[in-house]
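**Q** Below are the sequence and a predicted model for it; my questions follow.
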Amino acid sequence: MTVRFRGKVFLAAFIVGAVSAMAAGLVLQAWIRRLTVERIEATLSAETRLAAELLTRNPALPLDQLDEEADRMGRLAGVRVTLVADDGRVLGDSTEDGAALAAMENHGRRPEIQAARARPEVLIRRYSTTTDYDTLYAVVRIDHPTIAFVRLSLPLTEVADQQWAVLWLVVAGVAASLPVAALCAWLVSAPIGRRVEAIALVARRYATGDLTRPAAGYGDDELGEVARALDATVHELGRRVDDLAHDRRHLRAILSGMVEGVVVLDPQGRLVMANDAASGMLKLDGDSTGRRYQEWMRQPELFAQIAHALDGEAPGGVEFVLARDPSRTCVSRAAPAGEPEGGAILVLHDISDLRRADRVRRDFVANVSHELRTPLTAIRGYVEALLDDPPPPEQSRRFLEIIARHSIRMERLVKDLLRLARLDAGQETPDMVECDLGSVLQGVIADLTGPIDQRRSQVEVRLAAGARTVVSDPAKLHDVLRNLIENAVNYAPEGGHVVVEAEREPLALVLRVLDNGPGIPLADLTRVFERFYRVDKSRSRAPGGTGIGLAIVKHLVELLGGAVTAGSRAEGGAVFTVRLPQADGKG
């Protein structure tokens, strides 16, 4: 179980108090023991000298009374008294009488007796084989006719008993002091524990992101200073983290909104980050992060460029076609990421639209040149024929009619190009009104009477109920239908059948122009609305055609808010569908 800070402070204070009390008790016990031993030694030495003095003053004491004298002194002093002759015989002993006294071994070799031969007074402690105790001996050499040494001994069991008594007193004192120590420890630890708990609570709140400062202060001591320093550090880090998060959000938004792909590599060439555009271009997934670029990149053209950037160089740009999407062309530029992190940054620019626009521009220039060269060549030829050798009037008239027809074709081409340019520039605006679709179709058919009769085509109009009225721009709707019907008549065979249908759908009017011509291959369906694009390259152009009618149709329909699509009929022929939005679905 984890001990909380307050408990640790309490235990520390309590243990310090208890150990201090125990140490004081042990020191007191040792001191008392020392004093006791010194007192006993001094008392025993004094009693020994006193006994020696008494015996010295009584030199005529008979030999048979020495034992009784030893017994009397022992009773008076409360110690063992032994009287020893110079040769070591025991002449009297307060603890032995009669035969036992006579049987006592010679004390001449006892350490205290041998020491007393060299010094007048000896105090020594040793183990007594007679009493089986540690015993304190005091010996004094005396001047007596019979007695040479007076020895007083005291077993140290009394000292041991006193030491145990002192030890129990120390233990009792320590036990009595423990509650006081616990109370003092609690009083000391309680306020510190509350302050630490308050600081920990603030820290936990900070960890959840709530950096509101606490209402209460931290105190004026060192703990308060540490808490205030940490508090200031947390708020500073919080401010910096907010700034970093704000900058990271901005950077992520910028990178996500960029059409250019951005790839960041670390110094080892491992992927660190790629924005959405780069992920789409290179077909990256979540597993690519942290892997070297050779493992996930399928563009070998970029390997040398990235290697140079990782080496700190600034390589030139590389143009390449995406391996996983050949329809897209990109330009890559790499640069070192800089110190201290290192690595490289790869930027991918999608130039597919630029290349496509450049191709369209070149095709457009080539097609316009071709469209103009054909009638100009014819006009120049007939003019030279008229100038070099004037033909008969009938032939001259025919030449002039051909020149006029090609001039009209050139004029129409120029008008269509100008119209297309205005549509591209957004210079035409729709004038939305409610108009009669039948009247618009009658006007278109009337305008195309010549081409229809020339190809002996049949144009059939089918207007469903509720489809006669449409909200649109009549002039632009007229141009749309004229180009679609003219295109159908030109591509239908001689005597072909062209059908114009109109029906109502919810919130839309659907127009269809169908023919029974060769139809449109699937590969060309997405390109028929390009300028000068022809499905049948070998087919000669119909008289008066410019090759950009369907492009004008697409622009006009989009200007009206609708959409136009092309398709092939199952029974043969092509179908063009125009879908025009209607606000209420009724026209």
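**A** All right, it came through fine.
**Q** and the gap between the residue located most distally from the centre of the chain and E47?
**A** Relative to the C-alpha centroid of the chain, counting by C-alpha atoms, centre = their mean, A60 is the outermost residue, at 111.4 Å. Distance of A60 to E47, given as C-beta to C-beta, to the nearest Å: 23 Å. The C-beta positions use only the backbone N, C-alpha and C, and glycine is treated the same way.
**Q** Repeat that for E96.
**A** 19 Å.
**Q** Repeat that for A574.
**A** 147 Å.
**Q** Over to G78?
**A** On the measure of C-beta to C-beta, G78 and E47 end up 9 Å apart.
**Q** between those two, who's got more neighbours?
**A** When neighbours are counted by other C-beta atoms under 10 Å, G78 and E47 differ, and E47 comes out ahead with 20 against 11.
**Q** hey, what's A334 bridged with?
**A** Using DSSP bridges, the beta-bridge partners of A334 come out as L346.
**Q** just use 49 as the starting number from now, easier for me
**A** With 49 as the first residue, the last one maps to A382.
**Q** my guess is it meets I354, correct?
**A** Yes - the criterion here is C-beta atoms under 8 Å, and A382 meets it with I354 at 5.7 Å.
**Q** which residues are in contact with both of these two?
**A** Taking C-beta atoms under 8 Å, 6 or more residues apart in numbering as the contact rule, A382 and I354 both touch A392, L394.
**Q** ok, how many other residues are close to I354?
**A** I354 has 22 neighbours, counted by other C-beta under 10 Å.
**Q** Break the chain down into its domains, please.
**A** Described in terms of automatic domain parsing, the domain architecture of the chain consists of the residue ranges 53-211, 268-302, 306-394, 403-471, 476-629.
**Q** Can I get those domains in CSV including mean pLDDT?
**A** Below are the domains of the chain laid out as CSV (pLDDT from 0 to 100):
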stretch, mean pLDDT
domain 53-211, 81
domain 268-302, 76
domain 306-394, 84
domain 403-471, 77
domain 476-629, 84
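**Q** Distance of G597 relative to E476?
**A** 16 Å.
**Q** quick one, which of those two is more surrounded?
**A** Higher neighbour count among G597 and E476: G597, with 20 against 16, using other C-beta under 10 Å.
**Q** what's the distance between the more buried one and V462?
**A** Remark: distance between G597 and V462 (C-beta to C-beta) = 14 Å.
**Q** Parallel or antiparallel, list what pairs with the helix or strand hosting V129.
**A** If you go by DSSP states H and E, V129 is part of strand 128-132. Strand 128-132 has the following strand partners under DSSP bridges: strand 138-141 (antiparallel), strand 197-203 (antiparallel).
**Q** Just the CA trace of the shortest one, in CSV.
**A** I take that to be strand 138-141. Output of strand 138-141 as CSV, limited to C-alpha atoms (Å, rounded to 0.1, in the frame of the first residue of the first chain):
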residue,chain,number,x,y,z
VAL,A,138,43.9,-18.5,53.0
LEU,A,139,43.9,-17.6,56.7
GLY,A,140,40.3,-16.5,56.8
ASP,A,141,37.3,-16.1,54.6
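**Q** what comes up buried for that strand?
**A** Buried residues in strand 138-141, counted by 16 or more other C-beta atoms under 10 Å: V138, L139, G140, D141.
**Q** export those residues to TSV and tack on distance to I88?
**A** As requested, the buried residues of strand 138-141 are arranged in TSV below (distance: C-beta to C-beta, whole Å):
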residue	distance to I88
V138	24
L139	26
G140	23
D141	21
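**Q** quick one: which of those is nearest F62?
**A** D141 (56.0 Å; C-beta to C-beta).
**Q** quick one: that closest one and R128 touch, right?
**A** Yes - between D141 and R128 there is a contact at 7.2 Å, judged by C-beta under 8 Å.
**Q** how about V548, secondary structure?
**A** Secondary structure, DSSP: H, G, I helix; E, B strand; the rest coil: V548 is strand.
**Q** Could you tell me how many residues sit around it?
**A** 21.
**Q** Please name the bridge partners of it.
**A** Assigned bridge partners for V548, using DSSP bridges, are V509, V561.
**Q** Around T91, count how many other residues there are.
**A** 16.
**Q** cool, and R453?
**A** R453 is flanked by 15 other residues according to other C-beta under 10 Å.
**Q** sec struct for it, please.
**A** Put simply, R453 is helix when judged by three-state DSSP.
**Q** that's a strand at T183, yeah?
**A** Yes - assessed with three-state DSSP, T183 lies in a strand.
**Q** Who's the closest spatial neighbour of it, skipping the chain neighbours?
**A** Leaving aside its chain neighbours, T183 sits nearest to S176 (4.1 Å; criterion: C-beta to C-beta, 6 or more residues apart in numbering).
**Q** That neighbour: what's it in contact with?
**A** D182, T183, S201, P203.
**Q** and the gap between it and R340?
**A** Taken as C-beta to C-beta, the span from S176 to R340 is 92 Å.
**Q** Also L562?
**A** From L562 to R340 the distance is 58 Å (C-beta to C-beta).
**Q** I appreciate the help and will end here.
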